[in-house]
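Peer 1: Pasting a predicted model and its sequence here:
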Amino acid sequence: MHRKPIFILAGIFLAVALIVPPVILLIQSDQDLDNYIIVRDDPGLVTSGNTTFINEVNESHQTNLLIVFIFEVIFLPLFLVTMYYGVKHTHPEH
């Protein structure tokens with residue numbers, strides 16, 4: 001079967017598209033919990049310049065969601081294209 005490597009590549013693209021976004025969001029939530037514990041211990045803490053804790057967390061969330069969106073936009077079409085190529089690909093000797 002000549003299509004096996006194509007389907008393996010499609011499976012890798014699908015695995016990346018399904019596994020990486022939840023991992024990024026889990027790491028983000030862990031970081032938020034750590035930051036919350038730090039701020040809870042020092043309520044007057046200003047993180048950087050005039051940026052408050054809430055503003056910094058919101059910026060972090062937006063950045064992480066953008067990264068997740070980019071992963072999905074890249075790897076889901078790659079999966080679909082390789083699956084299409086694997087299904088429709090014919091060899092001249094067949």
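Peer 2: Here it is on my side, so go on. Since the model is a prediction, treat every value here as computed from it, not as a measurement. Residues are numbered from 1 along each chain as shown.

Peer 1: What segments of this protein are helices?
Peer 2: For the chain, applying DSSP state H gives helices covering 4-41, 53-88.

Peer 1: In JSON lines: these, plus mean neighbour count and mean pLDDT.
Peer 2: All C-beta atoms are positioned from the backbone trio N, CA, C, and that covers glycine. JSON lines is the format used below for the helices of the chain (neighbours: other CB atoms under 10 Å; pLDDT from 0 to 100):
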{"stretch": "helix 4-41", "mean neighbour count": "13", "mean pLDDT": "88"}
{"stretch": "helix 53-88", "mean neighbour count": "14", "mean pLDDT": "90"}
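
Peer 1: which residues sit against stretch 17-34?
Peer 2: 57, 60, 61, 64, 67, 68, 71, 72, 75, 76, 79 (CB atoms under 8 Å, 6 or more residues apart in numbering).

Peer 1: let me redo that: stretch 79-87
Peer 2: Stretch 79-87 is touched from outside by 3, 6, 7, 9, 10, 13, 14, 17, with contacts defined as CB under 8 Å, 6+ apart.

Peer 1: cutoff 6 Å now
Peer 2: If you take CB atoms under 6 Å, 6 or more residues apart in numbering as the criterion, stretch 79-87 is touched by 3, 6, 7, 9, 10, 13, 14.

Peer 1: go on, stretch 60-67?
Peer 2: Residues from elsewhere that reach stretch 60-67, judged by CB under 6 Å, 6+ apart: 24, 28.

Peer 1: send the alpha carbons of that stretch over as CSV?
Peer 2: Only the C-alpha atoms of stretch 60-67 are listed here, as CSV (Å, rounded to 0.1, in the frame of the first residue of the first chain):
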residue,chain,number,x,y,z
SER,A,60,-1.5,36.7,28.2
HIS,A,61,-4.9,35.1,27.4
GLN,A,62,-5.1,37.0,24.1
THR,A,63,-1.6,35.9,23.1
ASN,A,64,-2.2,32.3,24.0
LEU,A,65,-5.5,32.2,22.1
LEU,A,66,-3.8,33.7,19.1
ILE,A,67,-1.2,30.9,19.2
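
Peer 1: any idea how far that stretch is from the chain center?
Peer 2: Relative to the chain's own centre, stretch 60-67 is displaced by 10 Å; criterion: CA atoms, centre = their mean, to the nearest Å.
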